[in-house]
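>>> Model the following, please.
(one chain, ligands or ions: 2)
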Amino acid sequence: MSKIGIDIEKAKQILQQGGLVAIPTETVYGLAANGLDKNAVLKIFEAKNRPHFDPLIIHTNSIDKIKQWVTDFPQWAKQLADVFWPGPLTLLLPKKNIVPDLVTSGLPQVAVRIPNHKLTLQLLESLDFPLAAPSANPFGYISPTTAAHVTAQLQNKVDYILDGGTCDVGIESTIVGFENNSVTVYRLGGLAIEDIEQVVGKVNVQLNQSSNPTAPGMLKSHYAPTKPLFIGNVVDFIKNNSLKKIGIISFCKDYNAEKSYSKILSPTKDLKEAAHNLFAAIRELDASDVDLIVAEKFPDTFLGRAINDRLQRASAK
Ligand code: TXA
Ligand code: MG
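Ligands and ions are numbered 1, 2, ... in the order given. Next up is the predicted model:
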């Protein structure tokens, strides 16, 4: 029987029985299980080789359902949800006991999101529990944006892969919390801060920077390829590494360099298109015969900020 397809009924049955299904979302593919079933959630951590101190996002299709799992849905959360859900926005909300501590790594808040993908929304609608789902990659590697990416790395660890094509946004959701009477962005992602500020005014930004976290959820993920990745001036980098074959990630410029392999993320200089293409480009270069990868720094506005964040984490040593 095929392990990959568009059979929502099959996905539903597997999830109801406590199994693992890779699901498409508009950001990246998720590795999903029943978010209220501790044993099912444990399988996610095992399949990904993920440490238990790194908490999971739960996914569903309606705010009414979310209210069964959280004790409060503050006004700011409601305003953001009204404008941006379904979409690449995750909210941190105080959890009820029904949500296992394993999902939140013991934190009092649970991360929730209504994703914007037709197949997955149909699946979520048919379920009376949320789907806990981290990105469907082995811990520390780049998130998958196609079903083929999931197959390549996790095929033997999942019961089914729901194939929803290439992810639209291509970069993980933006994570927002509401502690201390203010709005704080904890992870840059597919929804730009500028767009959030249009709705709730100025926000705080407190990014997870620690590679040795003191608190759950504060892990500096690496999103790392196996080849060394550097950020900087591409021309200088090629000059200084003239004996090597270089993979180049650029926004819109064609460097036309000999002995190199170039990925131009958006010839028309569109940050959304660049974000959409980023992870697939890193994967392609990682799988190619280049020795090193060099990426330009992107403009530090809108989705360029999230792109720079992912490149930095991919390059972190
Ligand atoms: O776009 C996305 O968010 C994708 C798709 C599948 O929805 N999911 C995703 O999940 O990126 P993951 O597990 O790769 O990243 C989840 C991150 C955690 O590493 C942590 O930083 C943060 O979300 N997080 C989750 N629950 C949290 C909590 N209770 N408090 C603070 N941070 C939390
Ligand atoms: Mg991830």
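
>>> Need the pLDDT of the most centrally placed residue in the chain.
Nearest to the mean C-alpha position of the chain, by C-alpha atoms, centre = their mean, lies residue 172 at 2.8 Å. At residue 172, the model reports a pLDDT of 97.

>>> Verify the stated contact: it with residue 189.
Yes. At 5.0 Å, residue 172 counts as touching residue 189 under the criterion of C-beta atoms under 8 Å. Every residue, glycine included, has its C-beta placed from N, CA and C.

>>> shared neighbours, those two?
Residues touching both residue 172 and residue 189 (C-beta atoms under 8 Å, 6 or more residues apart in numbering): 27, 88.

>>> and residue 248, what is it in contact with?
Applying C-beta under 8 Å, 6+ apart to residue 248 gives the contacts 234, 238, 255, 257, 260, 261, 262, 263, 293, 294, 295.

>>> Nearest to residue 3 among those?
Closest approach between these and residue 3, by C-beta to C-beta: residue 263, at 29.4 Å.

>>> Quick check: buried residues in the one helix or strand that closest one maps to?
Under the criterion of DSSP states H and E, residue 263 resides in strand 260-264. For strand 260-264, burial by neighbour count (16 or more other C-beta atoms under 10 Å) applies to 260, 262, 263, 264.

>>> do the same with stretch 53-62
54, 55, 56, 57, 58, 59, 60, 61.

>>> per-residue confidence averaged over it?
If you average the pLDDT over stretch 53-62, you get 97.

>>> tell me how far it is from the chain's mean position?
Centroid separation for stretch 53-62 versus its chain: 12 Å, with C-alpha atoms, centre = their mean, to the nearest Å.

>>> what sits up against that stretch?
Residues contacting stretch 53-62 (C-beta under 8 Å, 6+ apart): 23, 25, 30, 32, 35, 41, 44, 66, 69, 86, 90, 99, 103-105, 107, 110-115, 120-121, 124-125, 127, 130-134, 139, 173, 213, 216-217, 219, 221.

>>> Now list the buried members of these.
Neighbour-count burial (16+ other C-beta under 10 Å) applied to the contacts of stretch 53-62 gives 23, 25, 30, 32, 35, 41, 44, 66, 69, 86, 90, 99, 103-105, 107, 110-115, 120-121, 124, 127, 130-134, 139, 173, 213, 217, 219, 221.

>>> Please list the members of these that lie in helices.
Those of those mapping onto helices are 41, 44, 66, 103, 104, 120, 121, 124, per DSSP state H.

>>> ok, and of the residues you listed, which contact ligand 1?
residue 104 (C-beta under 6 Å from any ligand atom).

>>> farthest pair in the ones in helices among the buried ones among the contacts of stretch 53-62?
104 and 121 (23.7 Å).

>>> For the stretch 101-250 of the chain, list the residues in contact with ligand 1, please.
104, 107, 109-111, 113, 115, 133-135, 172-173, 175, 186-187, 208, 217, 219.

>>> Let me know how buried residue 186 is, in neighbour terms.
The local packing of residue 186 (other C-beta atoms under 10 Å) involves 20 other residues.

>>> is it true that it touches residue 204?
No. Using C-beta under 8 Å, residue 186 is not in contact with residue 204, being 9.4 Å away.

>>> still on that earlier bit, give me the lowest-pLDDT entry from the buried residues of strand 260-264.
For the buried residues of strand 260-264, the least confident entry is residue 260, with 91.

>>> got a list of what it touches?
The contact partners of residue 260, taken as C-beta under 8 Å, 6+ apart, are 238, 245, 246, 247, 248, 290.

>>> from those residues, which single one is nearest ligand 1?
residue 247 (24.2 Å; C-beta to the nearest ligand atom).

>>> What number of neighbouring residues does that closest one come out with?
Neighbours of residue 247 under the rule other C-beta under 10 Å: 25.

>>> check which helix or strand covers it.
Assigned by DSSP H and E, residue 247 belongs to strand 246-250.

>>> measure residue 109 to residue 62 for me?
To residue 62, residue 109 is 20 Å away according to C-beta to C-beta, to the nearest Å.

>>> likewise residue 44?
The spacing between residue 44 and residue 62, counted by C-beta to C-beta, is 23 Å.

>>> for residue 187, same thing?
On the measure of C-beta to C-beta, residue 187 and residue 62 end up 23 Å apart.

>>> ok, now residue 71?
18 Å.

>>> So what's the residue count around residue 268?
Neighbours of residue 268 (other C-beta under 10 Å): 7.

>>> which element is it on?
Short version, using DSSP H and E: residue 268 is in no helix or strand.

>>> what's the domain layout of this structure?
Here the domain assignment for the chain is 3-205, 229-315, based on automatic domain parsing.

>>> The last one: how far from the chain's middle?
Spelled out, it's domain 229-315. Using C-alpha atoms, centre = their mean, the offset of domain 229-315 from its chain centre is 19 Å.

>>> what do you get for the longest one?
On the basis of C-alpha atoms, centre = their mean, domain 3-205 is displaced by 9 Å from the centre of the chain it belongs to.

>>> Nice, that's everything, thank you.
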